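[1] Task: produce atomic coordinates for the following.
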Amino acid sequence: MAKHLFLASTPFNVLTAAMIAFELLDGDHAELGLIDQTETTATFRNAVLHWTDSPFSMVHQLSQQAKGKHKRAQRKQAFQNIAKCLKQLNPDWIYTGNDRRIEFQYAMAHSSARGVYVDDGTYSYLGRPTHWFKDQVVDNLVKKVAYGRWWKQPPAIGASEWIDHSVLAFPNSAIDILKRRPCKQLPSNLGRSEFSSLAHLCLQTGTGPLSDLKGLLLLPHESAITDSQTLMGNWLSNCAKPAGYKHHPRTSDASRSHEALTTRWNLPADAVSVEPSIPMEILLPLLSADCKIAGDASTALLTAKWLRPELNVSAFITADTSSDWTDLLKRLNINISLSEPAGS
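    Now for the predicted structure:
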């Protein structure tokens, strides 16, 4: 019987951890450690703590987001919490969505466990820009002085010496450095009823209309609006009914107004509004397999394909969208619609 500790900072991390935990061998033991938590995750965190269908036998609240003058004391408390958790569980495996996380590195340095990198987004496929001197020399030295000689600077997210293997949504599309070690497939099981029950706990409202949607348009933040906005409205109009749209969580009230919806986005009058504060990953278990999703080239759009690869997902891009993003969209089987820049 193996013992597994999953460290998660975001709802996305929790969902991927649970997707893996549900597929563990019979007799294996899984626990969840919540790290770097903020007030914005309070609703989701409370839902996880009351999730009766959870694959985790225990949920530990290990650390809050450390910042300001109390950062050092908060880090110290987090290390104490992790040490206690390690002593109680004595895990064989510790999972993380980012091996730069200090909580993960502390746990690895103070246990005999092996590490697993769990897909956390674009870094797995596009990499993270680094500078050999600033990141590999200066930052590495600073971390060792601040935390201890046990710190191991990753050359790329998921590629530190702590990592035994990765679990990825698209192993064949991973950056080369991750492929130097085994890359396993993330289970495609978000359709399990247990995830729907978690989503209902998060929403705390009726969710019937979400499962009926035939199309869902993810609108970008107003700072990232492109010429594709009319195309987005046309896409939603052509969807089977009912169809809905979801604003970016930080969209202003002005951009949510009726005038903005009709003039900027050209959305159909019968489109259903989905609460913007709900993280995309929470909505996914409630959507039917025939619900189409579209939006600009964003992490929210990619999340839909990572966690529900069977869904039909489309991205609206402009000619100046980076080739890296365009190549990634193609590799992940995401439909691409190109809109011409203004004045062309």
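
[2] Which secondary structure state does P55 sit in?
    coil (DSSP: H, G, I helix; E, B strand; the rest coil).

[3] That one and F104: what is the separation?
    20 Å (Cβ to Cβ, to the nearest Å). Where C-beta positions appear, they are placed from N, C-alpha and C, glycine not excepted.

[4] Neighbour count for the two, which is higher?
    F104 (26 against 21; other Cβ atoms under 10 Å).

[5] Quick check: chain neighbours aside, which residue is closest to that one?
    Nearest residue to F104 in three dimensions, chain neighbours excluded: T96, at 4.0 Å (Cβ to Cβ, 6 or more residues apart in numbering).

[6] pLDDT weak spots in the stretch 151-300 of the chain?
    Counting by pLDDT under 70, the stretch 151-300 of the chain contains low-confidence ranges at 204-208, 223-224, 226-230, 254-255.

[7] Which parts of it are helices?
    Taking DSSP state H, counting those that start in this stretch as the criterion, the stretch 151-300 of the chain contains helices spanning 176-179, 193-203, 208-212, 229-238, 258-259, 280-283, 299-307.

[8] P182 against L168, yeah?
    No. P182 is not in contact with L168 according to Cβ atoms under 8 Å; the separation is 10.4 Å.

[9] which of these two has more neighbours?
    L168 (24 against 11).

[10] give me every residue that touches the more buried one.
    119, 124, 174, 178, 183-186 (Cβ atoms under 8 Å, 6 or more residues apart in numbering).

[11] how far away is it from R331?
    As for L168, its distance to R331 is 12 Å (criterion: Cβ to Cβ).

[12] Check W151 too.
    Computed with Cβ to Cβ, the distance linking W151 and R331 is 33 Å.

[13] longest helix anywhere in this structure?
    Secondary structure of the chain per DSSP state H: the longest helix is helix 71-89.

[14] all strands for the protein, in order.
    Using DSSP state E, the strands of the chain run over 3-8, 29-34, 58-61, 93-96, 114-118, 163-168, 183-185, 215-218, 243-246, 272-274, 292-296, 313-318, 335-339.

[15] and those strands as a markdown table, adding distance to D253?
    Converted to a markdown table, the strands of the chain look like this (distance: least, Cβ to Cβ, whole Å):
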| stretch | distance to D253 |
| --- | --- |
| strand 3-8 | 32 |
| strand 29-34 | 31 |
| strand 58-61 | 33 |
| strand 93-96 | 37 |
| strand 114-118 | 36 |
| strand 163-168 | 39 |
| strand 183-185 | 42 |
| strand 215-218 | 19 |
| strand 243-246 | 16 |
| strand 272-274 | 13 |
| strand 292-296 | 21 |
| strand 313-318 | 24 |
| strand 335-339 | 27 |
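
[16] quick one: which of those is nearest T16?
    strand 114-118 (5.2 Å; Cβ to Cβ).

[17] Report all helices and strands that that closest one contacts.
    Using 3 or more Cβ pairs under 8 Å, 6 or more residues apart in numbering; DSSP states H and E, the elements in contact with strand 114-118 are helix 11-21, strand 93-96, strand 163-168.

[18] In TSV, list the ones you listed along with distance to L217.
    Converted to TSV, the helices and strands packed on strand 114-118 look like this (distance: least, Cβ to Cβ, whole Å):
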stretch	distance to L217
helix 11-21	20
strand 93-96	33
strand 163-168	27
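
[19] quick revisit: if I look at the residue nearest to F104, how far off is T40?
    Applying Cβ to Cβ to T96 and T40 gives a distance of 21 Å.

[20] With E23 instead?
    When Cβ to Cβ is the yardstick, E23 and T40 sit 29 Å from each other.

[21] before we move on, the earlier item: of all the helices and strands packed on strand 114-118, which one comes closest to L307?
    Closest among these, using Cβ to Cβ: helix 11-21, at 6.5 Å.

[22] pLDDT of that closest one, averaged?
    Helix 11-21 comes out with an average pLDDT of 96.

[23] Same check on stretch 82-101?
    97.

[24] I'd say W325 and T318 touch.
    No. Contact between W325 and T318 fails when scored by Cβ under 8 Å: they sit 10.8 Å apart.

[25] before we move on, back to that, which of W151 and R331 has more residues huddled nearby?
    More crowded of W151 and R331, by other Cβ under 10 Å: W151, with 20 against 12.

[26] doesn't K143 make contact with that one?
    Yes. W151 lies in contact with K143 (Cβ under 8 Å); the separation is 4.3 Å.

[27] Give me the common contacts of the two.
    Counting by Cβ under 8 Å, 6+ apart, nothing touches both W151 and K143.

[28] circling back to that earlier point, what's the most buried one of the helices of the stretch 151-300 of the chain?
    The highest average neighbour count among those, using mean count of other Cβ atoms under 10 Å, belongs to helix 280-283 at a mean of 24.

[29] That helix packs against which elements?
    By 3+ Cβ pairs under 8 Å, 6+ apart, helix 280-283 packs against helix 11-21, helix 193-203, helix 299-307.

[30] Quick one: list the elements packing against the shortest one.
    Under the contact criterion of 3+ Cβ pairs under 8 Å, 6+ apart, helix 299-307 touches helix 11-21, helix 280-283, strand 292-296, strand 313-318.

[31] what's the second one in contact with?
    Okay, so that is helix 280-283. 11-12, 15, 44, 198-199, 202-203, 210, 216, 218, 246, 274, 300, 303-304, 307.
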